[in-house]
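> with the sequence up front, the predicted model follows.
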Amino acid sequence: MKLYHKLPSIKNARVRGKRVLVRCDFNVPITNGRVADDFRIRASLPTLIWLFKHKAHPVLITHLDPIRSVKPVRARLEQLLKRPVQFLENVRFHKGEKTNSRRFAAYLASFGDMYVNDAFSASHRPHASIIGIPQLLPSYAGFLFLKEIKILEEALYPPRPFLCILGGMKLETKLSVLERFLKKADHIVIVGAIANTFLHAKGYLVGKTKVEKNMISTIQQRYLKKKKIQLPIDVVVTKHVVREANSIKKNDMIFDAGPRTIQLIALYAKKSKLVLWNGPLGLIEKGYVKGTEDLIRVLGASKARVVVGGGDTHAVIKRMKKEHQFYHISTGGGAMLEFLEDGRMPGIDALLKSKR
Ligand code: 3PG
């Protein structure tokens, strides 16, 4: 049976008149005291609207990192819901959150008669508000949580041909998911900062580009000969100059994928039924955004189902007003990858084990 069907759905909870502690992930960017991107807040609205409609009394909890007050988040949420909401302060103000202290979990649990986890994107964290409370209160999955599981479960057992595009940074955190995709995907394109370490491991000059040195021998032994793995064939270096991946100069730094690489991904995408993409192609914060934008255009126009994860990529998709062209944009970055490793996360196990 699919996990989606095994999870206790909020729909089956008797919430009328009950205080429902709802763990959301409203860890959103805040600029000058205001929410700069409300994607995650909007994503939890179906759960909250449903609870109000069924005469429950939701009490919301979230973390915000860097640690600061939830006030701007509450203000945005109240604007969207057009009503006041009860919100506890940032759970990470208390050190018992990260250590999953039983006392802190009990303190949080005292605000509810039942618990709803709608924080899919934080459910890879074994923290008190994710795994501690479900031991103390009858617990359910919210609509956003369920939607993420339903769609990402498709990528766990993907239709073929299946294309996976892995970008972003921190290769070490992506190796397990790469292993899984080696079994499940037809093509895996490595882009973003993690691709630079692959290019270096392949013996290409990467100039002054930073690479993850501790990963070189693993890549050489395990991944370089895999035919499924495709590396960038051209890249964008310092001052937005495009170079062939094997012609990097000693003073260059690699910042983005080049246009021929995007064309190659477009060819793979054309043949695929499902495309999964995590992590930007370039260093967006330094203005190297063209590779990511071009890939958004390509995948947005593709006939394949395209599932995208990671906040940075979502921000670009939103700016380009192309959200509607994607089958699913996950609220999770790290959580999405961890789920795709083996379909498990601490927050999922906690819900399955909770007594109702
Ligand atoms: C995220 O922003 O990816 C989630 O909210 C998890 O945040 P964390 O990495 O601070 O645990």
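The structure has been received and is ready for your questions.

> what count of nearby residues applies to Leu267?
12 (other Cβ atoms under 10 Å). (Glycine included, C-beta is placed from N, CA and C.)

> just Glu212 next, same as before
So Glu212, with other Cβ under 10 Å, has 19 neighbours.

> next one: Gln86
Considering only other Cβ under 10 Å, Gln86 is surrounded by 13 other residues.

> so which residue of the stretch 251-356 of the chain comes closest to the ligand?
Gly333 (4.8 Å; Cβ to the nearest ligand atom).

> what's the closest non-adjacent residue to that residue?
Gly310 (4.1 Å; Cβ to Cβ, 6 or more residues apart in numbering).

> wait, the one you found sits on Leu276?
No - with contact defined as Cβ atoms under 8 Å, Gly310 does not reach Leu276; the gap is 11.2 Å.

> with neighbour numbers in mind, choose between the two.
Neighbours per residue (other Cβ under 10 Å) separate Gly310 from Leu276, with Leu276 holding more: 29 against 22.

> in the chain, which spans are helices?
For the chain, helices defined by DSSP state H occupy the ranges 3-6, 39-43, 45-53, 71-81, 102-109, 143-156, 175-184, 192-201, 216-218, 259-271, 290-301, 311-319, 334-342, 346-353.

> mean pLDDT for those helices - can I get that in a markdown table?
Formatted as a markdown table, those follow (pLDDT from 0 to 100):
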| stretch | mean pLDDT |
| --- | --- |
| helix 3-6 | 97 |
| helix 39-43 | 97 |
| helix 45-53 | 98 |
| helix 71-81 | 98 |
| helix 102-109 | 98 |
| helix 143-156 | 96 |
| helix 175-184 | 94 |
| helix 192-201 | 98 |
| helix 216-218 | 97 |
| helix 259-271 | 98 |
| helix 290-301 | 98 |
| helix 311-319 | 92 |
| helix 334-342 | 94 |
| helix 346-353 | 98 |
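
> among those helices, show me which one is buried the most.
Highest mean neighbour count among the helices of the chain (mean count of other Cβ atoms under 10 Å): helix 192-201, with a mean of 24.

> remind me what it packs against, helices and strands.
helix 216-218, strand 254-257 (3 or more Cβ pairs under 8 Å, 6 or more residues apart in numbering; DSSP states H and E).

> can I get the ones you listed in CSV including distance to Val28?
CSV is the format used below for these (distance: least, Cβ to Cβ, whole Å):
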stretch, distance to Val28
helix 216-218, 35
strand 254-257, 26
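
> so for Val316, which of the ones you listed sits nearest?
strand 254-257 (12.4 Å; Cβ to Cβ).

> can I get that closest one in CSV? Just the C-alpha atoms.
Output of strand 254-257 as CSV, limited to C-alpha atoms (Å, rounded to 0.1, in the frame of the first residue of the first chain):
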residue,chain,number,x,y,z
ILE,A,254,32.6,28.4,-13.0
PHE,A,255,29.2,30.1,-12.1
ASP,A,256,26.5,28.6,-14.3
ALA,A,257,25.7,26.0,-16.9
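
> off-centre distance for it?
Offset of strand 254-257 from its chain centre (Cα atoms, centre = their mean, to the nearest Å): 22 Å.

> pull up the pairing partners for it, direction included.
strand 234-237 (antiparallel) (DSSP bridges).

> who's in contact with the partner strand?
With contact meaning Cβ atoms under 8 Å, 6 or more residues apart in numbering, strand 234-237 is reached by 199, 207, 242-245, 248-249, 252-261, 282, 288, 290-291.

> and if we set it to 10 Å?
191, 195-196, 199, 204, 206-209, 241-249, 251-264, 281-283, 288, 290-291 (Cβ atoms under 10 Å, 6 or more residues apart in numbering).

> pLDDT (mean, whole number) over that strand?
Throughout strand 234-237, pLDDT has a mean value of 98.

> that one: how far from the chain's middle?
Distance, centroid of strand 234-237 to centroid of chain: 26 Å (Cα atoms, centre = their mean).

> same check on stretch 120-129?
Per Cα atoms, centre = their mean, the centroid offset for stretch 120-129 relative to its chain is 13 Å.

> got it, and stretch 7-18?
On Cα atoms, centre = their mean, the centre of stretch 7-18 falls 26 Å from the chain's centre.

> buried residues of it, list them for me.
7-8, 10, 13, 15, 18 (16 or more other Cβ atoms under 10 Å).

> dump those to JSON lines, plus pLDDT.
Shown next, in JSON lines, are the buried residues of stretch 7-18 (pLDDT from 0 to 100):
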{"residue": "Leu7", "pLDDT": "98"}
{"residue": "Pro8", "pLDDT": "98"}
{"residue": "Ile10", "pLDDT": "98"}
{"residue": "Ala13", "pLDDT": "98"}
{"residue": "Val15", "pLDDT": "98"}
{"residue": "Lys18", "pLDDT": "98"}
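
> distance to Arg74 added to the residues you listed, as JSON lines?
Listed next are the buried residues of stretch 7-18 as JSON lines, based on distance: Cβ to Cβ, whole Å:
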{"residue": "Leu7", "distance to Arg74": "28"}
{"residue": "Pro8", "distance to Arg74": "27"}
{"residue": "Ile10", "distance to Arg74": "21"}
{"residue": "Ala13", "distance to Arg74": "24"}
{"residue": "Val15", "distance to Arg74": "21"}
{"residue": "Lys18", "distance to Arg74": "21"}
